[in-house]
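Predicted model and sequence follow; I will ask about them next.
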Amino acid sequence: MSAEAASDAPWIIRYGATAGATIRLFCFPYAGAGAWVFAPWSRSLRGVDICGVELPGHGSRLSEPRYTRLNALVRRAAAALRPYLDMPFALFGHSIGGLVAFELTRTLRRERLSLPTRLFVSALAAPHIYQRASRRHDMPDGELVKRLAELGGTPSEILADPELAELFLPIIRSDLQLLDTYEYLSEEPLACPITAFGGADDPLTNSEALAAWRDQTSAAFSFQTLPGGHFFLNTHRSELLQALTGELEPAAPR
């Protein structure tokens, strides 16, 4: 079965949804992760319908085929999210999740659907200046494990256990292939505001790369540097959620 065929799978996992929510936040995880990354957010983001996006081959959908081309993934994700665009919403994506959220927003615009109140991109260089490194998805296992350990986002017990690593590395490779094969195409800036977040000690994304996101919007732009490395959303979650709280406004461009 192809990933395109998995139309009935649960793309959206809702955490702490309440009848009084004033805005919906779709959250896209980093490479190798599932929607579970965002489960704790509901305790801090009150009045927000937090919707973790579960991609095929990740988390609770581990048995499904994974996407290796971003365009195909974004098309399917847009169709899955469409029934949930009935109230003001925002998108948040960390690392590769930010790229998915960005291209999804452009897809929504092309399909003349509602745009988010704000696009949040985290730990990701602006796509028009993104410099593709050497191919990462086909690194030797040892080199890939070393790189993941250096970044610190993968539990050490997974990387140290050959059986767990054998299960986990194919997921990472598929996600890295999304990046390795991504081709940025120039379009008009988005009409929705963009906020970019970065870690002060992130070896992958510096402040200049974050600031370049201002070229992708004709609306308001801001970026914030938070403590931590590439995975500051885990190590400094409270600081990130505090920053998000101040910018989650329900008045959206429709």
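The structure has been received and is ready for your questions.

who are the neighbours in contact with Leu99?
Applying CB atoms under 8 Å, 6 or more residues apart in numbering, one finds that Leu99 lies in contact with 70, 93, 124, 127, 178-179, 182. All C-beta atoms are positioned from the backbone trio N, CA, C, and that covers glycine.

How far off centre is stretch 165-185?
Here stretch 165-185 is found 13 Å from its chain centre; the criterion is CA atoms, centre = their mean, to the nearest Å.

Dump that stretch to CSV, restricted to CA.
Written as CSV, here are the backbone C-alpha positions of stretch 165-185 (Å, rounded to 0.1, in the frame of the first residue of the first chain):
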residue,chain,number,x,y,z
ALA,A,165,18.2,1.7,16.4
GLU,A,166,17.3,-0.7,13.7
LEU,A,167,13.7,0.3,14.1
PHE,A,168,14.3,4.0,14.5
LEU,A,169,17.0,4.8,11.9
PRO,A,170,14.7,4.1,8.8
ILE,A,171,12.2,6.7,10.2
ILE,A,172,15.0,9.3,10.5
ARG,A,173,16.3,8.4,7.0
SER,A,174,12.9,8.9,5.4
ASP,A,175,12.5,12.3,7.0
LEU,A,176,16.0,13.3,6.0
GLN,A,177,15.2,12.3,2.5
LEU,A,178,12.3,14.8,2.5
LEU,A,179,15.0,17.5,3.2
ASP,A,180,17.6,16.1,0.8
THR,A,181,15.2,16.1,-2.1
TYR,A,182,13.4,19.4,-1.3
GLU,A,183,13.5,22.0,-4.0
TYR,A,184,12.4,25.5,-3.1
LEU,A,185,10.2,27.3,-5.6
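
That one: which residues count as buried?
Within stretch 165-185, the residues that count as buried by 16 or more other CB atoms under 10 Å are 165, 168-169, 171-180, 182.

now stretch 233-241
Within stretch 233-241, judged by 16+ other CB under 10 Å, the buried ones are 233-237, 239-241.

and those as a markdown table, adding pLDDT and secondary structure?
Formatted as a markdown table, the buried residues of stretch 233-241 follow (pLDDT from 0 to 100; DSSP: H, G, I helix; E, B strand; the rest coil):
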| residue | pLDDT | secondary structure |
| --- | --- | --- |
| Leu233 | 93 | helix |
| Asn234 | 91 | helix |
| Thr235 | 92 | helix |
| His236 | 94 | coil |
| Arg237 | 95 | helix |
| Glu239 | 95 | helix |
| Leu240 | 96 | helix |
| Leu241 | 95 | helix |
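
Report the two of those separated the most.
The largest separation in the buried residues of stretch 233-241, counting by CB to CB, is between Thr235 and Leu241 at 12.8 Å.

picking up where we left off before, and the buried residues of stretch 233-241, which is closest to Leu45?
For these, the residue nearest Leu45 by CB to CB is Leu241; the value is 6.2 Å.

List the residues that contact that closest one.
Leu241 is in contact with 41, 44-45, counting by CB under 8 Å, 6+ apart.

low-confidence ranges in the stretch 151-254 of the chain?
Low-confidence segments of the stretch 151-254 of the chain (pLDDT under 70): 151-153, 155-156, 158-160, 249-254.

What segments of it are helices?
Here the stretch 151-254 of the chain has its helices, by DSSP state H, counting those that start in this stretch, at 156-160, 162-180, 207-211, 232-235, 237-245.
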